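1. model the following, please.
(one chain, ligands or ions: 1)
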Amino acid sequence: MKKEERYFAYAKERFVRLQGKGVILTGATGGIGKAAARLLASLHCRLLFLVRNVRAGEELAAQLERTYGVEVKVFPYDSLDREAVSKVLSFLTGEKPYDYFLSIAGIYHQPAKMIDGIEQTFRVNCLASLELILRLSAAYPDMESVQTLSLTYRTKSSYQGKDLSDALSFRKYLASIHSRNKRYGLSKRFLMQALIAARHQGMKIALAHPGVVCTNLFNPKNKAYPRWFYRVAPPLMRVIFMPAEEAALSLLKAAADGSKEGTIVGPGGFLHAWGYPKEYQYRRDILRDTDRIASLLKELMAL
Ligand SMILES: NC(=O)c1ccc[n+]([C@@H]2O[C@H](COP(=O)([O-])OP(=O)(O)OC[C@H]3O[C@@H](n4cnc5c(N)ncnc54)[C@H](OP(=O)(O)O)[C@@H]3O)[C@@H](O)[C@H]2O)c1
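-> Numbers count the residues shown, from 1 in each chain. Got it, this is the predicted structure:
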């Protein structure tokens, strides 16, 4: 069996619960999202892509419909559009309900850029993902959601001792972070904390991270790294790291197993960067401040 076929066989054998279900995805035009969409289509799922690049979404939809005979719809979604979630929710009122939502869209290592007063990494990865998942969960309480995090959720809580007494001081603190890595790590950490708080209030939200994969995140058009990096790193990364299908299995496992207290699903291999999915306990320090961070993020969402 070819390597890629093994992932499809793995999904078919282990994720019977997902067979034939309705699944909404963001990020389907990216590396991990596209792999997740292909695996789900092979399980005969009915899919809805919420994508910024509608043309790329429609091309993938047509390809999956041809190959697997499944229904795939595409709806425009740019998480920087402040009306995006309301548009999605009003579209969904006319739709047969969906069973799962996989939140995959994200940006990595971008230069600092303020969008409506919030630095873009926090706006896209944290606030926009949070708003979509919370409002979908509130509108469809039976829907299981999976948030794609990153190993960097373990980024140190360097906000300790900062003035985070209200949303405005929190916003000021976010704008003061100069390291791209730290912005990315904290955007995922804060999102995770807010989602744990939402789960404590009964929302069905599972957490997953895909390990390390060479995707469009490492495309020169993202301008995340100096030019020399793109000549050297991506070809090596493609050899060293796992394919996107293997990474996407962690998201499917998190959906199939459902939301569980204290756990995250990620690759089970070396440093959780490679391998088939495994559920493990996340570090307990992430539980510190969950309610406070959740309420600050909600206040920021409203600004
Ligand atoms: N690759 C890794 O090693 C790795 C490791 C840990 C976590 N992750 C996480 O996995 C997720 C997927 O990453 P990937 O590696 O597949 O990256 P990718 O190939 O760059 O895909 C990113 C996806 O997010 C979408 N997106 C970005 N900004 C958006 C916006 N404003 N509105 C709507 N969609 C937007 C992109 O849409 P366009 O096609 O329109 O650009 C694309 O579909 C991210 O959340 C990332 O943080 C990745």
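2. residues near the closest residue to Asp289 other than its chain neighbours, how many?
-> Nearest residue to Asp289 in three dimensions, chain neighbours excluded: Gln193, at 6.5 Å (Cβ to Cβ, 6 or more residues apart in numbering). Every C-beta, even on glycine, is put in place using the N, C-alpha and C of the backbone. Gln193 has 24 neighbours, counted by other Cβ atoms under 10 Å.
3. can you pull the phi/psi pair for the residue in the stretch 101-250 of the chain that the ligand sits nearest to?
-> The minimum distance from the stretch 101-250 of the chain to the ligand, using Cβ to the nearest ligand atom, falls at Gly106 (2.3 Å). Phi and psi for Gly106, reported as degrees, to the nearest 10, are phi -170, psi 160.
4. and it, how many residues sit next to it?
-> For Gly106, the count of nearby residues is 26 (other Cβ under 10 Å).
5. residues from the stretch 51-200 of the chain in reach of the ligand?
-> 52-53, 56, 77-80, 104-108, 124, 148, 150 (Cβ under 6 Å from any ligand atom).
6. one more pass at 5 Å, please.
-> Residues of the stretch 51-200 of the chain lying near the ligand by Cβ under 5 Å from any ligand atom: Arg52, Asn53, Asp78, Ser79, Leu80, Ile104, Ala105, Gly106, Val124, Thr148, Ser150.
7. nearest to Thr29, of those?
-> Within these, the smallest distance to Thr29 is 4.8 Å, found for Asn53 (Cβ to Cβ).
8. tell me the contacts of the residue nearest to Asp289?
-> Contact analysis of Gln193 by Cβ atoms under 8 Å, 6 or more residues apart in numbering lists Ile286, Asp289, Thr290, Ile293, Ala294.
9. 10 Å instead?
-> Residues in contact with Gln193 (Cβ atoms under 10 Å, 6 or more residues apart in numbering) are 126, 153, 157, 286-294, 296-297.
10. quick one: mean pLDDT over the helix or strand where it lies.
-> Secondary structure assignment for Gln193, by DSSP states H and E: helix 180-200. In this model, helix 180-200 has a mean pLDDT of 95.
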